[in-house]
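# have a look; sequence and predicted model below, questions after that.
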Amino acid sequence: MAETGETFVLITGAWHGGWAWRPVAQRLRAEGHQVLTPTLPGLADGDDPREHTLSDVVDAVVRTVEDRDLRDVTLVGHSWGGYPITAAAPRLAGRLRKLIYWSAFVPAAGRSLFDEVPPEYQGLFTAQAEASGTNSVLLPFEVWQQGFIADASGPVAQLLHELLVPQPMQYFTETVEVTEHGVPTAYVLGEQDVALPPGEYGWNRFADRLGVPAQPVAGSHEACFTQPAALAEAFLKA
């Protein structure tokens with residue numbers, strides 16, 4: 001048990017609710033830390049993907065911290081979660097101890113997530129949104145299994161895929177304001193993460209964008225399920 005626990009606010013990537021953090025959160029709590037895992041607007045089961053904007057998500061992250069008067073917070077963002085934590089950080093700077101991006105997009109001014117992904121993802125997202133009737137995107141199982149969670153067995157990958165919810169397309173196409181905040185920042189990167197292909201579109205460019213080294217951790221893009229102990233330890237060490 002930690003003598004003095006830290007406070008973590010864990011922000012999910014696309015298609016996930018706060019439930020996805022439970023294996024990691026349990027391990028952090030077992031070490032004496034406080035952990036909050038909010039489900040963001042539009043990403044709860046049954047939410048209408050058309051009801052919210054990306055700015056609503058940012059506001060929700062800010063409220064999670066301010067409404068509880070949290071201090072010395074380590075704010076973690078996974079994947080798409082890099083967008084809301086980046087926009088929330090300047091508003092919460094006085095309350096933040098550290099900002100951690102885990103296999104996450106690091107926004108650049110005027111660039112959306114859609115601008116940062118390979119053309120094949122752009123085509124997939126556009127086709128899914130147009131066909132959905134709700135301007136939303138849901139990953140095909142084959143893309144999920146091969147690109148996001150190849151280190152899980154087939155039945156586990158299938159079960160987790162069934163738990164994913166449609167992602168509002170506007171969360172991919174809207175931008176956030178990128179402002180200096182002065183909060184210490186780290187980048188944690190899965191060693192088997194191929195959700196973005198290595199090379200021009202690979203994850204390492206985002207650590208470079210922050211000007212920090214990518215700190216390796218075991219597992220795929222979904223190490224919150226497949227390597228939760230290693231991921232929790234990486235957050236503590238980042």
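That came through, no problem. Residues are numbered from 1 along each chain as shown.
# who's in contact with residue 227?
151, 217, 218, 219 (C-beta atoms under 8 Å, 6 or more residues apart in numbering). Bear in mind the C-beta positions are built from the backbone N, C-alpha and C, glycine included.
# residue 177 should be in a strand, yeah?
No: counting by DSSP: H, G, I helix; E, B strand; the rest coil, residue 177 is not found in a strand; it is coil.
# my guess is it meets residue 87, correct?
Yes: at 5.9 Å, residue 177 counts as touching residue 87 under the criterion of C-beta atoms under 8 Å.
# a markdown table for the contacts of residue 227, including distance to residue 157, neighbour count and pLDDT?
As requested, these are exported to a markdown table (distance: C-beta to C-beta, whole Å; neighbours: other C-beta atoms under 10 Å; pLDDT from 0 to 100):
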| residue | distance to residue 157 | neighbour count | pLDDT |
| --- | --- | --- | --- |
| 151 | 9 | 20 | 97 |
| 217 | 20 | 23 | 98 |
| 218 | 17 | 16 | 97 |
| 219 | 13 | 23 | 97 |
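# partner residues bridging the most centrally placed residue in the chain?
For the chain, the residue sitting closest to the mean C-alpha position, by C-alpha atoms, centre = their mean, is residue 78 at 2.1 Å. Going by DSSP bridges, residue 78 is paired in beta bridges with residue 102.
# the residue nearest to residue 166 when sequence neighbours are not counted: neighbour count?
Spatial nearest neighbour of residue 166, excluding adjacent residues (C-beta to C-beta, 6 or more residues apart in numbering): residue 136 at 3.6 Å. The number of residues packed near residue 136 is 23, by other C-beta atoms under 10 Å.
# do residue 185 as well
Neighbours of residue 185 under the rule other C-beta under 10 Å: 21.
# next one: residue 229
Residue 229 - counted by other C-beta under 10 Å - has 14 other residues nearby.
# what do you get for residue 121?
Around residue 121 there are 21 residues (other C-beta under 10 Å).
# residue 154 too?
For residue 154, using other C-beta under 10 Å, the count is 9.
# how close does it sit to residue 34?
36 Å (C-beta to C-beta, to the nearest Å).
# go on, residue 202?
Distance from residue 202 to residue 34, counting by C-beta to C-beta: 34 Å.
# with residue 62 instead?
Distance check for residue 62 against residue 34: by C-beta to C-beta, it reads 18 Å.
# likewise residue 210?
To residue 34, residue 210 is 26 Å away according to C-beta to C-beta.
# please identify the helix or strand for residue 50.
For residue 50, there is no helix or strand it lies in under DSSP states H and E.
# wait, it touches residue 135, no?
Yes: counting by C-beta under 8 Å, residue 50 touches residue 135, with 5.6 Å between them.
# tell me the confidence at the residue nearest to residue 166?
In this prediction, residue 136 carries a pLDDT score of 98.
# which of the contacts of residue 227 fall in strands?
With strands defined by DSSP state E, the entries of the contacts of residue 227 inside them are residue 217.
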